[in-house]
Each structure stands twice: as structure tokens, then as C-alpha cells.
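Enquirer: Take a look and give me a structure for this.
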Amino acid sequence: MRLLTTCSHLFQFLLYLVLLLLLSVPNVYSQSVVTSNQVAKEGDGEVVIPCDYSQVNETPLSVIWNEVNESGETNTNIIVNDVMTVNGRYSLRKSPGNADLVITKPVRNDTERRFKCEILLQRRKFIQSDPSMLTVYYLDEPVLSASASSVYEGESVTLTCSKPDGDPDPSITWYKDGQALSTTDTTRFTTSEDALEIHIEAATAADGGRYTCKAESDQFREEGKNSNQIDLKVIYIAITFESQGGTATCTAKGNPIPSSLMIHKNGEMNDKGELTASVKINEEICKADITCSAENGAVSATETLKTCKTVPSSCIALTTGMFFVGVFVGCIGLAAGLIGYFRIKQKKSEAMRSTDTRKHDTYMKYIADTSDENHTYQDLQHTKEETAYINARAGNYHHK
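Expert: Just a heads-up that it's a prediction; the model follows:
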């Protein structure tokens, strides 16, 4: 029993010594260096891979960045350290507790490269971070081509957008005159399964315009990459020849713009213009062969006047009669207006007669005329020169 007790005490003593010895040695393995994977785009100014050693209790003697393989083994020389802080595109950026690796102008070949940060302590002890992997996304510009840049109306044409290289895999969007083009509109054109081709079976004037394609991906959703521009020209000419209101008018439009426009009557030119021409309609014209022709240097077209509507003579007589009735009514209205004007002017003149009896210096005596019962006070107030004020106070009346 005593032997067992002695052995137990000895074991406890040895365990205490081991623990004391371990506590006297710097706890290197409990300290960590933290880094993380990073993502960049090709064309960025720089990408920073962090190295955080703020949990290390000792002041490091040196910081070293190495490139490692998938297994974490160093496969190149030192990239940067405290002595060589700049090495081509790589540089060491230090701050208290941090020693970051800076890579300027990352390129697609930098993707999936792995880097490790090492901290050198006293007694040649190293603390290493886990490998940090760099991913660089990229996207090339698509290239647009066409089977022909200029086609006649009714001909076929195919536009092809080459799918660019990119990570992640890009998608393609078509644009016409700056507006997104719906590739599901099968009434106008057909597209390939991957939407890299647009085939127009019979081109129309509406198909002409400026075409581009744009490559986009999750990492390049906002900016994307635009292709070159192709200006598709559809050569055509269109004529409209109609009669209305006693006139047959012919108009033309096309690409190129029409250079001449002519109306013929039985083969002889009747009128000529650039974009429009017209001829008066009568029974003789309607019985003749009336055509309109136009050309623009590339194509020409002729249109026959299909509807010839003359203005009936009864309508002309009615229009003339209405004109004279309008003149007569206008004259009556003018006369009535003048009469009204002078009557209003006369009333305004009468309204200006004053009955202000306070102006004693202009009073005149009132002499009653008993022979005329209609002779009133107001009649005596008005003169051609000015308003006369009548003294109508008691004692100033005189009778004839």
C-alpha cells in the first residue's frame, strides 16, 4: 500500500514538471496567421491578398510570401519578403498586425494560383497560413459579322456573333439601333439554338439599321462587352399614288433617297419632282393611263393611279354659292357692328354729362319753357363745348 502511494505521488510530480516545462516554451502552435481566397476581374488595378498575424504574441522577425501548389508545397522562389518588398507585379504592404500581398493588374493566367504567408519568429520558428487561392474572372469582346452589309429588298442575309471566351461562361444579347432585339420574333427572322446567328429570309426596309451583340456574365452583368457595329442597308424604293380632293399626289421614299419622281399621262410626262409630284383630276385625266415612277440610282419602281376621284360640278357650284353667301353675311355683320359702335359711343357721351352742383362758378340760370312739355333738365345740360351746370335753386327760375 505504501509503495502504491509513493508511485502515485511521483507520477503527479512528473506530470507537474511536464506542464511547467510546456508553459515555459512560447505557444507557437496556438498562434495563427489568417488569410483568405480572393476574387478579381481582369483589368482591375490591383488585388490584395490579406495576411493577418495580429494573434501572434511575438514580434515577427520576417514576413515571407510564397506561391504553393495544390498540396501546399512551395514550388517557386520567394515572391516578396521584408527585404524584397517589390518584385515586378507583386509587392508587400505592411501595417501593424498585417502583411498583405498586392498583385497589380491581375490577368486570367493568375486564376487558381495559390499563395501562402509565413511568419518567422525567434528560434527559427515559422507560423504558416493556409494557402489562399486567387480567382480572376475575364470576358473577351464578341465579334460581329454579316453575310452582306447591303442587300436588296426581298434578299436574305445572316448576322453572326462569335461567342467570346470568358469565365464565367457568357450569354449573348442582340441590339438594333441601340434597343434590345427579341430573338423570339420568328415573324421577322430566325435564330440559331445558341442565339449566335440571326437569319433574315426576305429583308424589308424595317430590317435595315445598326446591329451589335453584347456578351454578359454574372461577373460582367453591368458593363459587359460590346461587339463591333454593322450597319445593314436594305436597298428599296416605295411609291404611294392616291387621289383626294381633286388632286392625285405621288410620294416616294427609299434607300438611297429617290432622286427623281415623275407622273406620266399616256406615256408623256405631266409633272416632275424629287420626293413628291401631283396632278389635278378631271374626267379626261381619269380616262387616261396615269402612272408615277421613281428611281434612286439603285432601283426604280412604277405605280398606277388605281382610284381616280373627280370633284362633282354640283359640289363646285355649292362651294361657290357658299362663298358668296359668306361674303354677304359678313357685310351684314360689319354694318351691324358699325351701327352698334356709334350707338355705344353716343351713350357714353351722354353718360359723361355731369350733375355736380358744387361747381358754382359754372352755373347758369334755368329758364323754363312752358310751351314744350318735353323740354327737360337734362336737355339743357349738354352743349357741344362742355358740360354746363344748371343752378336749380329756388328763386332762380324765370318763366316766359
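Enquirer: Compute the number of surrounding residues for Ile172.
Expert: Look at Ile172: counted by other Cβ atoms under 10 Å, it has 19 neighbours. Glycine gets a C-beta too; all of them are placed from N, C-alpha and C.
Enquirer: can you check Gln229 too?
Expert: Neighbour tally, Gln229, other Cβ under 10 Å: 11.
Enquirer: need the contact list for it.
Expert: Counting by Cβ atoms under 8 Å, 6 or more residues apart in numbering, Gln229 touches 144, 210-212.
Enquirer: if you set the cut-off to 7 Å instead, what comes out?
Expert: Contacts for Gln229 (Cβ atoms under 7 Å, 6 or more residues apart in numbering) come out as 210, 212.
Enquirer: Can you name the residues bridging to Glu216?
Expert: Ser171 (DSSP bridges).
Enquirer: Can we start the residue count at 225 from this point?
Expert: With 225 as the first residue, the last one maps to Glu440.
Enquirer: Tell me who's in contact with it.
Expert: Contacts for Glu440 (Cβ under 7 Å, 6+ apart) come out as 394-395, 397, 448.
Enquirer: so how far does stretch 478-491 reach from one end to the other?
Expert: 24 Å (Cα to Cα, to the nearest Å).
Enquirer: Pull out the buried positions in that stretch.
Expert: Within stretch 478-491, the residues scored as buried using 16 or more other Cβ atoms under 10 Å are 478-479, 482, 484-489.
Enquirer: just to revisit the earlier point, pick the one among the contacts of Glu440 closest to Arg317.
Expert: The shortest gap between Arg317 and any of those belongs to Gly448, at 31.9 Å (Cβ to Cβ).
Enquirer: And the closest one, how far from Thr415?
Expert: Using Cβ to Cβ, to the nearest Å, we find Gly448 at a distance of 19 Å from Thr415.
Enquirer: which of those two has more neighbours?
Expert: Legend: neighbour count by other Cβ under 10 Å for Gly448 and Thr415, higher for Thr415 (19 against 16).
Enquirer: Next, the contact list for the nearest residue to Pro284 once chain neighbours are set aside, please.
Expert: Once flanking residues are discounted, Pro284 sits nearest to Ile343: 4.6 Å by Cβ to Cβ, 6 or more residues apart in numbering. Ile343 makes contact with 257, 277, 280, 284, 287, 350-351, according to Cβ under 7 Å, 6+ apart.
Enquirer: Provide the secondary structure category for Ile343.
Expert: Following DSSP: H, G, I helix; E, B strand; the rest coil, Ile343 is assigned to strand.
Enquirer: how much space between Asp354 and Gln262?
Expert: In terms of Cβ to Cβ, Asp354 sits 13 Å off from Gln262.
Enquirer: Could you report the neighbour count for the residue lying closest to Cys385 once chain neighbours are set aside?
Expert: Taking Cβ to Cβ, 6+ apart, and ignoring the residues beside it in sequence, Cys385 has Cys437 as its nearest neighbour in space, at 3.6 Å. Close neighbours of Cys437, defined as other Cβ under 10 Å, add up to 28.
Enquirer: Thr415 touches Thr408, doesn't it?
Expert: No. Between Thr415 and Thr408 there is no contact under Cβ atoms under 7 Å: 8.2 Å.
Enquirer: so what's in contact with these two at the same time?
Expert: By Cβ under 7 Å, 6+ apart, no residue touches both Thr415 and Thr408.
Enquirer: The residue nearest to Cys385 against Ser451, yeah?
Expert: Yes. Using Cβ under 7 Å, Cys437 is in contact with Ser451, at 4.7 Å.
Enquirer: Common neighbours of the two, please.
Expert: With contacts defined as Cβ under 7 Å, 6+ apart, the residues shared by Cys437 and Ser451 are 366, 368, 385.
Enquirer: of all the residues you listed, which comes closest to Gly378?
Expert: Using Cβ to Cβ, Leu368 is the member of these that sits closest to Gly378, with 23.4 Å.
Enquirer: any idea of the pLDDT on the closest one?
Expert: pLDDT, Leu368: 96.
Enquirer: next one: the one 10 residues further on
Expert: Among the per-residue scores, Gly378 holds a pLDDT of 95.
Enquirer: Kindly provide the distance from the closest residue to it other than its chain neighbours to Tyr376.
Expert: What sits nearest to Gly378 in space, not counting adjacent residues and going by Cβ to Cβ, 6+ apart, is Ala426, at 5.1 Å. For Ala426, the distance to Tyr376 equals 10 Å [Cβ to Cβ].
Enquirer: Please apply the same query to Val503.
Expert: For Val503 relative to Tyr376 (Cβ to Cβ), the value is 30 Å.
Enquirer: again with Ala518
Expert: From Ala518 to Tyr376 the distance is 16 Å (Cβ to Cβ).
Enquirer: For these two, indicate the residue with more neighbours.
Expert: Applying other Cβ under 10 Å to Ala518 and Tyr376 shows that Ala518 carries more neighbours, namely 27 against 13.
Enquirer: Which residue, neighbours along the chain excluded, lies closest to that one?
Expert: Of all residues not flanking Ala518 in the chain, Ala476 sits nearest, at 3.9 Å (Cβ to Cβ, 6+ apart).
Enquirer: and if you look at Ser256?
Expert: Gln279 (5.4 Å).
Enquirer: circling back: among the buried residues of stretch 478-491, which one lies nearest to Gln468?
Expert: Ile487 (15.0 Å).
Enquirer: OK, contacts around Arg337?
Expert: Contacts of Arg337 (Cβ under 7 Å, 6+ apart): 291, 358.
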